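**Q** Give me a 3D structure for the following:
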Amino acid sequence: MKTALAAVFCLALVAPQDKERIREGLKDTELKGAWVYDDIDAGLAEAKKTGKPMMVVLRCVPCVTFKGFDKQVASRENPELSALMDRFVCVRVVQGYGLDLSFFQFDYDLNWAVVLMNADRTIYGRYGSKTGEKGNAARVTIEGLCKALEAALEFHQGYPGNAKDFAAKVGPPARWKTPEAIPDMKNRPNAVPADGTRQKCVHCHMIREAELWTLRSAGEPIPETLLWAYPMPDAVGLSMDLKERATVKDVAAGSAAEKGGFRAGDSIRRLHGQPILSVADVQWVLHTAQAPVRIDAEIDRNGAPAKASLDLAGGWRRGEDFSWRVQIWAMRHKLLGMQPLDPLSADDRQKLGAPAVGLALRIKGFPPDFVKDKNREAAQKFQKDDVIVDVDGQKDLPGESGVIAYVFQKKPGDTVEFGVIRGGKAQKVTLTLP
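**A** Residues are numbered from 1 along each chain as shown. All right, here's what the predicted structure looks like:
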């Protein structure tokens, strides 16, 4: 085994023995070339010694999404990508325990993400995006990753002369230094150093979930940036070309992007003053922007410089669907006591007597018996195929995400009145929230 490992890893970058046990336990065997395994400090030291930038891959190995893409990157299957990765100190982080949350700020609902950085902890950019759990949820390509690495190398070549450009790539210090310090996380058996099993590992998606439940338990307001985190550019009308650096593929009619002068084919070079190397970098700017705000963009348009902007009003992010995010399962079960809610089509609205516009969500069922932490009152008061058309009189909540965001900000013991259509008749159902 030691001989095989020496063939895979450069001798200077061989991981400590405990890290090797983690890797073997996870069956994380696809790595080729030089990697620092699950050791940020060792990666920083190597980057300082070599003068190379760092490519930090954060990966939840047992999770399915990104599995195929991760294999391509880890084993360097693409020659162009492999050659680019050789110019970086590549670090693979496979657990959330001990992660510096004030520095590694990214979309924690991803189970594969990249942070491109300098040895002095300056962040050049991020890579990795996702929009759902069904179908092709991952929004990553080898071509797009190569373009991001090329851009990071350009930034690194100009460093430290351009250092001030990257100041906003790190947000304010996190409230909790590490995931295991979040109060709600302390109740979870996973909140221990990884041992190579799925059960003993802080998964990144647990971080935001623990933050949400901690705030609710304390009766604190829930920031929109926690519920509607890292909006995709589509939320402002920008459909991006995933094979390019940060290039607009299409602009939605009537959107903030169209009103601000964006056009298909625009390559976004700077957004809100920040150099941009990927779709994830666009998400970072949108995530951290405090609305109402104007976000100015510097663009390469057909080889010539151009400008555009995004005017975002308060509440702009609420229209995005976050029902694909992992934390919604616990929110749905614990508070609503239901399985995923199904939005009605126009035909079904007409057939079932639901309004032509506004809220119309069909209850598909209730959690199975093995789900212990759930609102059991729901199955007693609601029925399968009930259609929810208002919540406390609100008929325009944006789908299931809007309903769950609304009830999540209620206090334990509060009641919520649902307007439902049952068998073609309108009824009211009152649910007590745990």
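
**Q** need the helix or strand of this protein with the lowest average pLDDT.
**A** Of the helices and strands making up the chain, the lowest-confidence element is helix 2-8, at a mean of 38, by mean pLDDT, DSSP states H and E.

**Q** Would you mind putting the CA coordinates of stretch 251-268 into PDB?
**A** The C-alpha trace of stretch 251-268 is given here as PDB (Å, rounded to 0.1, in the frame of the first residue of the first chain):
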ATOM      1  CA  VAL A 251     -30.900  37.500 -20.800                       C
ATOM      2  CA  ALA A 252     -34.500  37.100 -19.500                       C
ATOM      3  CA  ALA A 253     -36.900  39.600 -20.900                       C
ATOM      4  CA  GLY A 254     -38.100  42.200 -18.300                       C
ATOM      5  CA  SER A 255     -35.400  41.100 -15.800                       C
ATOM      6  CA  ALA A 256     -33.100  43.300 -13.700                       C
ATOM      7  CA  ALA A 257     -30.300  42.200 -16.100                       C
ATOM      8  CA  GLU A 258     -32.100  43.300 -19.200                       C
ATOM      9  CA  LYS A 259     -33.000  46.600 -17.600                       C
ATOM     10  CA  GLY A 260     -29.400  47.100 -16.600                       C
ATOM     11  CA  GLY A 261     -28.100  46.600 -20.200                       C
ATOM     12  CA  PHE A 262     -26.700  43.100 -20.100                       C
ATOM     13  CA  ARG A 263     -26.600  41.200 -23.500                       C
ATOM     14  CA  ALA A 264     -26.100  37.600 -24.600                       C
ATOM     15  CA  GLY A 265     -22.400  37.100 -25.200                       C
ATOM     16  CA  ASP A 266     -21.200  39.600 -22.500                       C
ATOM     17  CA  SER A 267     -18.200  38.300 -20.600                       C
ATOM     18  CA  ILE A 268     -18.300  39.700 -17.000                       C
END
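
**Q** Mind listing residues that contact that stretch?
**A** 233-234, 236-239, 244-250, 276, 282, 297-302, 306-312, 316 (Cβ atoms under 8 Å, 6 or more residues apart in numbering). Glycine gets a C-beta too; all of them are placed from N, C-alpha and C.

**Q** and if we set it to 7 Å?
**A** By Cβ atoms under 7 Å, 6 or more residues apart in numbering, the residues outside stretch 251-268 that reach it are 236-238, 245-250, 276, 282, 297, 299-302, 308-312.

**Q** after the least confident helix or strand of the chain, next one along is what?
**A** Remark: after helix 2-8, the chain's next helix or strand is helix 17-26, criterion DSSP states H and E.

**Q** mind listing what the helix or strand following that next one pairs with, with the direction of each?
**A** Once the chain leaves helix 17-26, the next helix or strand it forms, by DSSP H and E, is strand 36-37. Under the criterion DSSP bridges, strand 36-37 sits next to strand 89-93 (parallel) in its sheet.

**Q** Give the pairing partners of the next helix or strand after the partner strand; include direction for each.
**A** Once strand 89-93 ends, the next helix or strand along the chain (criterion: DSSP H and E) is strand 112-117. Its sheet considered, strand 112-117 pairs with strand 54-59 (antiparallel), strand 123-127 (antiparallel) by DSSP bridges.

**Q** I would like the residues contacting the longest one, please.
**A** Read it as strand 54-59. 43, 47, 70, 73, 85, 88-94, 111-117, 119, 149, 204.

**Q** Among the contacts of stretch 251-268, which are located in helices?
**A** Val282 (DSSP state H).

**Q** Just the buried subset of the contacts of stretch 251-268, please.
**A** By neighbour count, with 16 or more other Cβ atoms under 10 Å, these hold 236-238, 245-248, 250, 276, 282, 297, 299, 301, 308-310, 312 as buried.
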